[in-house]
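S.K.: curious how this folds, go ahead:
(chains A and B)
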Number of protein chains: 2
Amino acid sequence: MDAEQIKRDGLAEIAADRERGASELARRCLALLAAYARAHEDTSRLDEDARGFARELQAARPSMAPVQNLVAEWMTSLEQMPGACDDARDYLAEQADALIERSRRAVTEAATRAVERIAPHSTVITHSSSSTVREMFRLAAPRGVRAVVTESRPLREGLALARHLSALGVPATYITDAQIATFIDAAGVALIGADAVLWDGSAVNKAGSRLLALAARDAGVPFYVCCESFKLSRALPHEVALEEMAPGELDAPALAHVTPRNVYFDITPARLISAWITERGFTTDFRSPDWL
Amino acid sequence: MDAEQIKRDGLAEIAADRERGASELARRCLALLAAYARAHEDTSRLDEDARGFARELQAARPSMAPVQNLVAEWMTSLEQMPGACDDARDYLAEQADALIERSRRAVTEAATRAVERIAPHSTVITHSSSSTVREMFRLAAPRGVRAVVTESRPLREGLALARHLSALGVPATYITDAQIATFIDAAGVALIGADAVLWDGSAVNKAGSRLLALAARDAGVPFYVCCESFKLSRALPHEVALEEMAPGELDAPALAHVTPRNVYFDITPARLISAWITERGFTTDFRSPDWL
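M.R.: Predicted coordinates for the structure are as follows:
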């Protein structure tokens, strides 16, 4: 495939994707950048073109901090690009591959830190289907943890998580999002991943996460946000444009005067978050200089 | 149709019904009792048989206070039943019809009291599709109110409400249950009906109502419960068995280790309720002797 085709198909894929979490999507962006660099023919334009593609990838998913951060990190490698053609292509592709690996390791490390905070045989309630949370359950499965999984309308990412848990042999209760307050008391801890953790510690995640945090706070259940540190963002809540997806995903009939809305993410304020967990560790004080 | 057939079909219908709210279902029970009394042939057994049918109707929907209350109220008419055969049948049927009319008037009156508390052109967020809330919107439509309607999974009663609002010309935003916290700030007031209001003021209503109350409290939006007083129950929260419906309604694939749950109602504690509205009026103090 030529570079232009990789770019065109890749941008369409990234913009349309509803399956992958933010981390996975960011790694997919890096893989596309690697493929693009390898296929690019005119090295005199490689720097400019690659930078342009990287910026378009970022713009395709503005709510997703790791897409912003990992692609930005990759763009710094353009500064050190060697002059020779093949060397330049390989260098950019290798930089992307190395970042993919760093991100993967960070996810596993963050999940490991989370498992340390979850008592054996306890029940974890979560929302949506974060890859970090899936990794946490994989690592925690031998400790006899149980799960409460929400459907996560409209696209029901909870089904993918339920399948993952079933394959791991983790006993799971599958509920509608509307039953979160009913099942919160059954859980020892609420744990979500995040698409972004903002500068004030608030968490951008699948719509419904804030309801889980409210229910957890009301029930005295700790609410943890677990993610790789590439998800930390310098944005503040009022600066974040929450992505709105096609209202058709709600599968509502067309009715005069009725407007279906599909705001895909919500922001859980830091005051509702008991602790943050990344590969760097666990903190109840988001602003602690030791942790940041 | 003979009386036994009316009873058999009626019990099956009441147990299976997922469309009607508690009030409507209670009135349907009364209509069945009226038809049963009219069709009953052996007057020497009418008292005993009618009492038996009434008790089975109550047992079919234990979470629904108006089914308990209106059927119990009707049972008191058995005490004054006249001796003559046709008179007895007519008397019991007329008592049922009169109670249906009282319940209908109470719903409209409660909805009228609610409209008095809703500022013109304000936005009301609700959950599920209560007949009292539908009546409130009918009365409030000329005042330019707007609505935020939740889907209300699994059976999406919100679609029925959206259709009702569309027919009334009330501008409505239709959202997934998971977006409640996202849209709470757009609302001036949250208002729900109830399947029952318990002895401590807590409200039994469609699962998700408690999440709406939590989101409203967190956002500083008043949360009102509006219903006819036949919904008041002497039960306390720990005495209420919340009905669980078929897990198949969640439409989840069969997976080893994964248990879908479909607890249809939840209990919103009184501390999250700003005010109660019935045909008797509006109160912020549920235990006020003037109001009860």
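S.K.: OK, contacts around A:Arg137?
M.R.: Rather than Arg, residue A:137 is Phe. For A:Phe137, the contact set (C-beta atoms under 8 Å, 6 or more residues apart in numbering or on different chains) comprises A:Val124, A:Val145, A:Ala147, A:His164, A:Leu165, A:Leu168, A:Val170. Bear in mind the C-beta positions are built from the backbone N, C-alpha and C, glycine included.
S.K.: so which of these are also by chain B?
M.R.: Contacts with chain B within the contacts of A:Phe137, counted by C-beta under 8 Å from any C-beta of the partner chain: A:Leu165, A:Val170.
S.K.: who in the stretch 1-150 of chain A is up against chain B?
M.R.: Residues of the stretch 1-150 of chain A lying close to chain B (C-beta under 8 Å from any C-beta) are A:His127, A:Val149, A:Thr150.
S.K.: the strand or helix carrying the second one pairs with which strands, parallel or anti?
M.R.: Right, the one you point to is A:Val149. Here A:Val149, judged by DSSP states H and E, is contained in strand A:146-150. Neighbouring strands of strand A:146-150 in its sheet, by DSSP bridges, are strand A:123-126 (parallel), strand A:172-175 (parallel).
S.K.: the first one: what's the following helix or strand?
M.R.: For strand A:123-126, the succeeding helix or strand toward the C-terminus, using DSSP H and E, is helix A:131-140.
S.K.: how about the contacts made by the residue lying closest to A:Ser122 once chain neighbours are set aside?
M.R.: In this structure, A:Ser122 finds its nearest non-sequential neighbour in A:Gly188, 3.7 Å apart by C-beta to C-beta, 6 or more residues apart in numbering or on different chains. Residues touching A:Gly188, when contacts are defined by C-beta under 8 Å, 6+ apart, comprise A:Ile118, A:Ala119, A:Ser122, A:Thr123, A:Val124, A:Val221.
S.K.: so who does the fifth one touch?
M.R.: Right, the one you point to is A:Val124. A:118, A:136-137, A:140, A:145-148, A:187-191.
S.K.: pLDDT for those - can I get that in TSV?
M.R.: Formatted as TSV, the contacts of A:Val124 follow (pLDDT from 0 to 100):
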residue	pLDDT
A:Ile118	97
A:Met136	98
A:Phe137	98
A:Ala140	98
A:Val145	98
A:Arg146	98
A:Ala147	98
A:Val148	98
A:Ala187	98
A:Gly188	97
A:Val189	98
A:Ala190	98
A:Leu191	98
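S.K.: quick one on the thing from earlier: turn the strands paired with strand A:146-150 into TSV, columns for mean pLDDT.
M.R.: Shown next, in TSV, are the strands paired with strand A:146-150 (pLDDT from 0 to 100):
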stretch	mean pLDDT
strand A:123-126	98
strand A:172-175	98
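S.K.: can you redo those as TSV with distance to A:Leu78?
M.R.: Listed next are the strands paired with strand A:146-150 as TSV, based on distance: least, C-beta to C-beta, whole Å:
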stretch	distance to A:Leu78
strand A:123-126	38
strand A:172-175	44
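S.K.: surely A:Glu41 is within a helix?
M.R.: No - counting by DSSP: H, G, I helix; E, B strand; the rest coil, A:Glu41 is not found in a helix; it is coil.
S.K.: run through the stretch 51-200 of chain A and note the low-pLDDT ranges.
M.R.: Along the stretch 51-200 of chain A, the model assigns pLDDT under 70 to residues A:85.
S.K.: hang on, the earlier thing: ok, the residue nearest to A:Ser122 to B:Pro269 distance?
M.R.: In this view, A:Gly188 and B:Pro269 are 21 Å apart by C-beta to C-beta, to the nearest Å.
S.K.: A:Cys226: neighbour count?
M.R.: Each residue near A:Cys226 was counted by other C-beta atoms under 10 Å in any protein chain shown, and the total is 29.
S.K.: A:Leu232 too?
M.R.: For A:Leu232, the count of nearby residues is 21 (other C-beta under 10 Å).
S.K.: so what pLDDT did it get?
M.R.: Looking at A:Leu232, its pLDDT is 92.
S.K.: among the contacts of A:Gly188, name the buried ones.
M.R.: Buried subset of these (neighbour count, 16 or more other C-beta atoms under 10 Å in any protein chain shown): A:Ile118, A:Thr123, A:Val124, A:Val221.
S.K.: need the max-distance pair from those.
M.R.: Spatial extent of those (C-beta to C-beta) is set by the pair A:Ile118 and A:Val221 at 12.4 Å.
S.K.: mind listing the helices for the stretch 151-292 of chain A?
M.R.: Taking DSSP state H, counting those that start in this stretch, the helices of the stretch 151-292 of chain A run over residues A:157-168, A:180-183, A:209-219.
S.K.: ok, and what's touching the last one?
M.R.: The one in question is helix A:209-219. Identification of contacts with helix A:209-219 by C-beta under 8 Å, 6+ apart yields A:125-128, A:150, A:177, A:180-181, A:184-185, A:187, A:190, A:192, A:203, A:221-223, A:266-269, A:272-274, B:178, B:180-182, B:210-211, B:214-215, B:218.
S.K.: so who does A:Cys29 touch?
M.R.: A:Gly10, A:Ile14, A:Leu57, A:Val67, A:Leu70, A:Val71.
S.K.: what is the nearest of these to chain B?
M.R.: Among the contacts of A:Cys29, A:Val67 lies closest to chain B (C-beta to the nearest C-beta), at 21.5 Å.
S.K.: surely the closest one is in a strand?
M.R.: No - with three-state DSSP as the criterion, A:Val67 is located in helix rather than a strand.
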